[in-house]
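J.: Sequence first, predicted model second:
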Amino acid sequence: RQSGRRYNLFLKRRLRIDKRHQSKDSIFFRDGVRRIDFVLSYVDDLNKEWEKKLERRKEFESNLQKAGLELETEDKKESEDGKICFVKIHAPWEVLITYAEVLNIKVPIKENDIPSMVENPLDCMLAPLRLPEKVMHPEPDYFTAPFSKEKQELYLINDESSFFSPSMRNRIVNYILTRCPYGTEEGKKKFGIKRLLNNGTYSAAYPLHDCQYWKKANDPNCDNERYTLYMEWARFLRFYKEQPLDLIRKYYGEKIGIYFAWLGFYTEMLFLAAVVGLICFLYGLFTMDENMSSKEICDPAIGGEIIMCPLCDRECEYWRLNTTCVSSEYSHLFDNVATLFFAIFMGIWVTLFLEFWKRRQARLKYEWDLVDFEEEQQQLQLRPEYEAKCTQKKKNPVTQEMEPYLPITSQAVRFCVSGTTVLFWVSLIIASMIAVIVYRLAVYAAFASLMENTQTLQPISGLLTPQLATSVTASCLNFVIIMILNFLYERIAIWITDMEIPRTHMEYENRLTMKMFLFQFVNYYSSCFYVAFFKGKFVGYPGAYTYMFNRWRNEECDPAGCLIELTTQLTIVMAGKQIWGNIQEAIVPWICNWWGRRKARNNPENLYSRWEQDHDLQTFGALGLFYEYLEMVIQFGFITLFVASFPLAPLLALMNNILEIRVDSWKLTTQYRRPVAAKAHSIGVWQEILNGMAILSVVTNAFIVAFTSDMIPRLVYYYAYSENEDSPMSGYINNSLSVFQISDFPDRNKPKENPENFVICRYRDYRYPPDHERRYLHTMQFWHILAAKLAFIIIMEHVVFIVKFFVAWMIPDVPADVKAKIKREKYLTQKILHEYELEKLKERLCQGDKRATEKEFIATEGRMELSRAM
């Protein structure tokens, strides 16, 4: 019976389609002529608010028609599940030209006659990386001017139906939708599609993709841009190809286009940093055998005879220095002379990246007609939430109209609550980091005992030391805590930003950006800051150790230094974040879409309409790009703030970004509804954040080289304390370890057992021996090293900052050829407009228009001459 019912339903739908002789997989109205520019959907179910929602919809759709839009409704019986109704919206020519003038949209007036750039001699070598010219530049380059209804014959209007691109059309319709009223409730005038989506009147509002991504549309009028983007851009096998930025901009709008332009440019610049980092790593790899420090540690006659003091109280035993042989050899990979070079190089690289991006951005602004662009009125308009929650009104000094405002007292209270909440969550991160530190201190003794007493772990005891085991497990635990806190705080940040009631959309986005970035900065980087600048720095010495909460003894660094632990921490957090981010971005949307479309997969194509296909996709929300930028900026911090500890970080970032570009393009093209096109002339507040991190990175890397690596102590020993001219670094390990007399151990610190009856043990510090009159006080060498570290920090910072500012001064923000083109285009555009006005004036004079006086004619000609002179 059930199968018979399904067959009848299928037959009924088939007859309905045959009757219309049109596939529903179309981007046009039923007449096949009018293009669908936007779609609204709603669930038509009888609940307690059904009548209220119905009344809102009727009023809203009636006002849309009054605004000139044309609507066509698909009944719920036509939909796949029999519940969802769709309202298709078309903007006729009269509406488009009206709002094109309102939105100051620039349209072509003449084909660009400025010669293109001189051909690059390397173009033949780069040919395999290029895309076809038709994909890279889907439209000719034109001189443009803001649209005016009175000057329509001035513009290159060949076909009214295709003059405005689909992205322009959906932007115009969205502008109308966000301002269209739908009635009065509680004495307040209500308007805007956003409110109707929030209160459930409509379930979705979106523009349509132009075709299915895996094949071209049957309609010859369809541009098939989505298919082209998928085939040439969104597939991973095209990872080595350049991005079709002009096509991305044409299909998705400038805001998304500028993101992919920045991401692509960042990835290109990472290639240089990755190559230099790899060379530095290979230098460390090839010079491992020449490292005198690890040789002495591994030598049974030197490291095997040095007895080290226990690393924890009571439970830990004395140990021989050569047990850390393997880890000391690996630490040389990252702690060598190349580390200093790479830290300085990255300080300059980040300046080059930011300066060259400004130039690339300036070129895009010219090519995409954003030179005179000011932030969209939609970005600057009052948020509906602001109008709804602000009951008081005052006169706007600019518009002289009454508008809602939030009293200063209310703002102060909200900011206090917001600030307290952010401070609480930052404190929570610090508390979680302290908990991880306590974990490291508490489990070290357990790892040491386990590895000492477990025979199966003996073969790898040289590689997996208690220090390394503690560091790896603590890093993994820290990463899990980071992900949990990040998940919770995202919701908290949005909640407290909503509570502040920002006035405009731009204010809202900027405030949310700063909150999220502050939290993520502390969340992701706090553990790295701890290992880099605090671990092993405040441990005291045997017999007078320092304790956390008077209970847990502070951690010590490995005799080979703390840099290898910072590298481990950075690798786990950075790689883990990148892997988890790609899972969230690619796999989760794919699973959601697969589940949502499972019922429709067996239906014929002409029964599964274009609007239903897009309705079943995920929503690319207003904050979609925000999370993409945030992910990349956090990665930027990893490869700049701590790069001195891990030269391979840019290489990891490069490999991730090559994948990231394709993952982002794939999900945007295949898994998400088409976003509403929006304009943007820059990456916004993220530029200032990147500048701040670039300056901070110089300081952090200088401190890492000085205080975390062993470079400065080795250099001081080499030039001031070495006694062997043939091998200046021999004896460094013995020189860097102080002597402690075991009988001086207090009962709290003394190990339970001393089976070999050791008399002295060594520890990492520069202190006088027990038989000296200043026993256990710092030696003069300690103060020499400290002075050298501080001097190095000052010199490195000043050198890098001077080079950074000199490079920034040398590189102009706008290329000279772009400046010339902007001036040339402005001149030619003015000339064309003036000539047009002059011709119109001549026509009026010939027709005997009394209003067109000779003086007006002379004035117009004079304006043209003045324009030429300028």
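T.: Arrived safely, thanks for sending.
J.: What ranges does the stretch 351-500 of the chain have for its strands?
T.: Taking DSSP state E, counting those that start in this stretch as the test, the strands found in the stretch 351-500 of the chain are 393-395, 402-404.
J.: Take those and lay them out in JSON lines including mean neighbour count, distance to Arg491 and mean pLDDT.
T.: For every residue, glycine as well, the C-beta is placed using N, CA and C. What follows is those, written out as JSON lines (neighbours: other CB atoms under 10 Å; distance: least, CB to CB, whole Å; pLDDT from 0 to 100):
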{"stretch": "strand 393-395", "mean neighbour count": "11", "distance to Arg491": "32", "mean pLDDT": "76"}
{"stretch": "strand 402-404", "mean neighbour count": "14", "distance to Arg491": "27", "mean pLDDT": "73"}
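J.: what's the closest of these to Glu296?
T.: Across the strands of the stretch 351-500 of the chain, Glu296 has its closest neighbour in strand 402-404 (74.2 Å, CB to CB).
J.: who does the longest helix along the chain touch, helix- and strand-wise?
T.: Secondary structure of the chain read by DSSP state H shows that its longest helix is helix 408-453. On a contact count with 3 or more CB pairs under 8 Å, 6 or more residues apart in numbering; DSSP states H and E, helix 408-453 meets helix 466-500, helix 505-533, strand 547-548, strand 552-553.
J.: Adding mean pLDDT, mean neighbour count and distance to Arg764 as columns, could you present those in CSV?
T.: Listed next are the helices and strands packed on helix 408-453 as CSV, based on pLDDT from 0 to 100; neighbours: other CB atoms under 10 Å; distance: least, CB to CB, whole Å:
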stretch, mean pLDDT, mean neighbour count, distance to Arg764
helix 466-500, 83, 18, 12
helix 505-533, 86, 20, 16
strand 547-548, 84, 14, 18
strand 552-553, 80, 19, 14
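J.: what's the closest of these to Val173?
T.: In terms of CB to CB, the element of those nearest to Val173 is helix 505-533, at 18.0 Å.
J.: tell me how far the ends of stretch 87-96 are from each other?
T.: Terminal residues of stretch 87-96 are spaced 19 Å apart (CA to CA, to the nearest Å).
J.: before we move on, the earlier item: export the strands of the stretch 351-500 of the chain to CSV and tack on distance to Ser331?
T.: Converted to CSV, those look like this (distance: least, CB to CB, whole Å):
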stretch, distance to Ser331
strand 393-395, 65
strand 402-404, 62
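J.: Need phi/psi at Gln392.
T.: Main-chain torsions, Gln392, degrees, to the nearest 10: phi -90, psi 150.
J.: For burial, what's the neighbour tally of Pro815?
T.: Pro815 has 17 neighbouring residues, counting by other CB atoms under 10 Å.
J.: er, Val676 I mean
T.: Other residues within reach of Val676, judged by other CB under 10 Å, total 23.
J.: Domains in this structure, by residue range?
T.: 33-105+147-208, 816-869 (the TED database).
J.: The longest one: how far from the chain's middle?
T.: Spelled out, that is domain 33-105+147-208. 32 Å (CA atoms, centre = their mean, to the nearest Å).
J.: Give me the three-state assignment for Lys189.
T.: Counting by DSSP: H, G, I helix; E, B strand; the rest coil, the backbone at Lys189 sits in strand.
J.: Oops, could you answer that again for Ser41 instead?
T.: Ser41 ends up strand, using three-state DSSP.
J.: contacting residues around it?
T.: Taking CB atoms under 8 Å, 6 or more residues apart in numbering, we find Ser41 in contact with Ile84, Cys85, Phe86, Val87, Tyr202, Ser203, Ala204, Ala205, Trp611, His615.
J.: okay, these in JSON lines with neighbour count, secondary structure and distance to His834 next?
T.: Formatted as JSON lines, the contacts of Ser41 follow (neighbours: other CB atoms under 10 Å; DSSP: H, G, I helix; E, B strand; the rest coil; distance: CB to CB, whole Å):
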{"residue": "Ile84", "neighbour count": "20", "secondary structure": "strand", "distance to His834": "54"}
{"residue": "Cys85", "neighbour count": "19", "secondary structure": "strand", "distance to His834": "52"}
{"residue": "Phe86", "neighbour count": "21", "secondary structure": "strand", "distance to His834": "48"}
{"residue": "Val87", "neighbour count": "20", "secondary structure": "strand", "distance to His834": "45"}
{"residue": "Tyr202", "neighbour count": "22", "secondary structure": "coil", "distance to His834": "47"}
{"residue": "Ser203", "neighbour count": "15", "secondary structure": "coil", "distance to His834": "51"}
{"residue": "Ala204", "neighbour count": "18", "secondary structure": "strand", "distance to His834": "47"}
{"residue": "Ala205", "neighbour count": "23", "secondary structure": "strand", "distance to His834": "42"}
{"residue": "Trp611", "neighbour count": "24", "secondary structure": "helix", "distance to His834": "46"}
{"residue": "His615", "neighbour count": "21", "secondary structure": "helix", "distance to His834": "49"}
